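Enquirer: structure for the following, please:
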Amino acid sequence: MNRLGGTHHYQYGTTDIEYELVYTNRTTLKLEVYPDLSVVVYAPLDTPLEAIEGGVAKRAPWIAKQQRKFREAPIESPLPRRYVSGEAYRFLGHQYRLKVLEDRVERVLLDGSYIAVYTPKTGDKRRVAALLDSWYRRQAERVFSERLDACFARVESLGIPRPEIVVKDMKTRWGSCTPAGRLSLNPKLVNLPLELIDYVLLHELCHLKEMNHSPAFFKLLERILPDWQQRRNRLNRAETS
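Expert: Presented below is the predicted three-dimensional model:
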């Protein structure tokens, strides 16, 4: 079967919905709308393109609604952190308002333009911070795994091994890799837009072929990601708090 991944379009009324199609070892079709307004469709390997297009058509009203919510969300970031309702937190390139709500069952949910933290101890800032940190790390593990599916398809022909991803706190680096195929990513990377996450992933994946910053490495990166310099410049200016 010829699997046509990459960028596709669906016309919903006057709205052109652009989406990235990624084939994975899933059993069902999954659509994600991210805060940077990008749309990604994760499809089982044997799914016909017609079925995928039908799934996008069926969910088009929902996609447009989610993009509208993200587009209209406010952008501010009061500092320093107090872990109280109203603070702004970044996630995948967008900012959300924090809501701290009382409930005996502790959990963190993404609710429209809010990150809702439920806890019986709403005044316990350390507990709210711990719940948020745990949620961000889980999201990082999920997003990094999904984006690796998309990015590895672009370098698989190089004959490099599929790396193991580890989420690791780092003070000065976004990512690193070892010759053994272990790729470490900074959890704060999940606060940035998908295209910057992809840049870091592809940068590190290219290192599995060229383990240095030699001319050969940059030639390879240019071939895999022609706009890598623009993405690097955006990454250097990026805010993550």
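
Enquirer: the longest helix in the chain is where?
Expert: The residue-count maximum for a helix in the chain (DSSP state H) belongs to helix 125-155.

Enquirer: quick one: it to chain centroid distance?
Expert: 8 Å (C-alpha atoms, centre = their mean, to the nearest Å).

Enquirer: for stretch 175-188, same thing?
Expert: 16 Å.

Enquirer: can you give me the end-to-end span of that stretch?
Expert: 10 Å (C-alpha to C-alpha, to the nearest Å).

Enquirer: just the buried residues of that stretch, please?
Expert: 175-177, 183-188 (16 or more other C-beta atoms under 10 Å). To be clear about C-beta, it is placed using only N, CA and C from the backbone, and glycine gets the same treatment.

Enquirer: touching it from outside, list them.
Expert: Counting contacts by C-beta atoms under 8 Å, 6 or more residues apart in numbering, the residues outside stretch 175-188 that touch it are 136-137, 140, 144, 148, 160-170, 173-174, 189, 200-201, 203-205, 207-208, 211, 240.

Enquirer: over to stretch 132-148?
Expert: 22, 24, 32, 40, 42, 83, 89, 91-92, 98, 108, 115, 117, 162-163, 165, 167, 183, 185, 187, 189-191, 194, 197-198, 201.

Enquirer: pull out the buried residues from those.
Expert: Counted by 16+ other C-beta under 10 Å, these give 22, 24, 32, 40, 42, 83, 89, 91-92, 98, 108, 115, 117, 163, 165, 167, 183, 185, 187, 189-191, 194, 197-198, 201 as buried.

Enquirer: in helices, which of these appear?
Expert: In this view, the buried ones among the contacts of stretch 132-148 that belong to helices under DSSP H are 194, 197-198, 201.
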